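Chemist: just a sequence and a predicted model for now, questions to come.
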Amino acid sequence: RHCGEDPQVRVLVIRGGAIGDFILTLPVLRLLREMIPNCHLEVIGYLSIATLAQSAGLANDVRSLDHRTMAALFAKNAPIDEALAEHLRSFNLVVSYLFDPDGHFRTSMERVGVKTLIECSHRVQPDQGHASRQLAKPLEKLAFFLEDSHLQTAHFERREVISNRLAIHIGSGSEKKNWPLERWLALADQFPDHEVIFITGEAEQERGMHVGNRTNWHALPLPELAARLSTCAAFLGHDSGISHLAAACGVPSLLLFGPTDPAVWAPPQPWVTVLRAENGDLASLDDQQVKWAARQVVSKT
């Protein structure tokens, strides 16, 4: 069931989506690497996110989904750049997570002459198991099956850990998934012996979520943030892409969940602890409850 090694098999994975969506797809890349030894694996995605696949050692190359030549692949009968067509033809297997309701992308792949295309839904269903397992399901057509070992692993190399370094990400993609900022700030004060570092990005800045003069890793490129996270002894956050990144870096984590289901969306690594608000409202999580859970995670480091 393994593909041959000579000549080298070329695999292309096309994956858009947000940070968390992409990181939930890393087990798929790991599975492909395992089942097709020594393959050349390339990812087409949003470069600011897709470069994580290279940082994790799971991709040989990354290309931009936003490149001007890509647009023709989604238009009916549009002329396709010949250099792009030749590049796409060079792959033995193309795995796509693109939204293609009209089938224009599939038709373009046929026109180009792609050998094997596996189309995977970019949508995750609420009642069909963990997101990563759903994303890997279409590969079962090739007898490639996702195992626990693909999920319960760190994807990024762990750096020298600073034993008292605690990172807190105060935001997420939705305000409904956020614990109130002032409560995070108060929780941080419960760890006076730790180097507490806040993580913020453009979304937090736009919402006016400021941490004052506290140490703040703001809007770092994701590969750099991954390298810094890998030095942390513990991480606190929500259901967010940055939380998935921390888990993928092997950092013991406490994640607060509200309206989303952790059985589907939480990082699958065993060093992740989830605390969920029973009514889906994160504001209802008691400060003492979160403090106790945070201390349990931090004390294990």
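Modeler: Arrived safely.
Chemist: centroid-nearest residue for this structure?
Modeler: Central residue of the chain (Cα atoms, centre = their mean): Ile23, 1.8 Å from the mean position.
Chemist: now do the SS call for the residue lying closest to it once chain neighbours are set aside.
Modeler: Using Cβ to Cβ, 6 or more residues apart in numbering and skipping residues adjacent in sequence, the residue nearest Ile23 is His244, 4.1 Å away. The way it works is simple: take the backbone N, C-alpha and C, and place the C-beta from them, glycine included. Three-state call for His244 (DSSP: H, G, I helix; E, B strand; the rest coil): helix.
Chemist: list the contacts for His244?
Modeler: Ile19, Gly20, Ile23, Leu24, Pro267 (Cβ atoms under 8 Å, 6 or more residues apart in numbering).
Chemist: may I see the ChimeraX selection of the buried members of those residues?
Modeler: To isolate in ChimeraX the members of the contacts of His244 that are buried, counting by 16 or more other Cβ atoms under 10 Å, one can use:
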select :19,20,23,24,267
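Chemist: which of the contacts of His244 sit farthest apart?
Modeler: Ile19 and Pro267 (12.1 Å; Cβ to Cβ).
Chemist: is it possible to get TSV of the contacts of His244 that adds secondary structure and distance to Gln128?
Modeler: Conversion of the contacts of His244 to TSV gives the following (DSSP: H, G, I helix; E, B strand; the rest coil; distance: Cβ to Cβ, whole Å):
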residue	secondary structure	distance to Gln128
Ile19	helix	22
Gly20	helix	18
Ile23	helix	19
Leu24	coil	14
Pro267	coil	18
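Chemist: quick one, what contacts Leu135?
Modeler: The contact partners of Leu135, by Cβ under 8 Å, 6+ apart, come to Leu24, Thr25, Pro27, Val28, Tyr97, Cys120, Val124.
Chemist: noted, bye for now.
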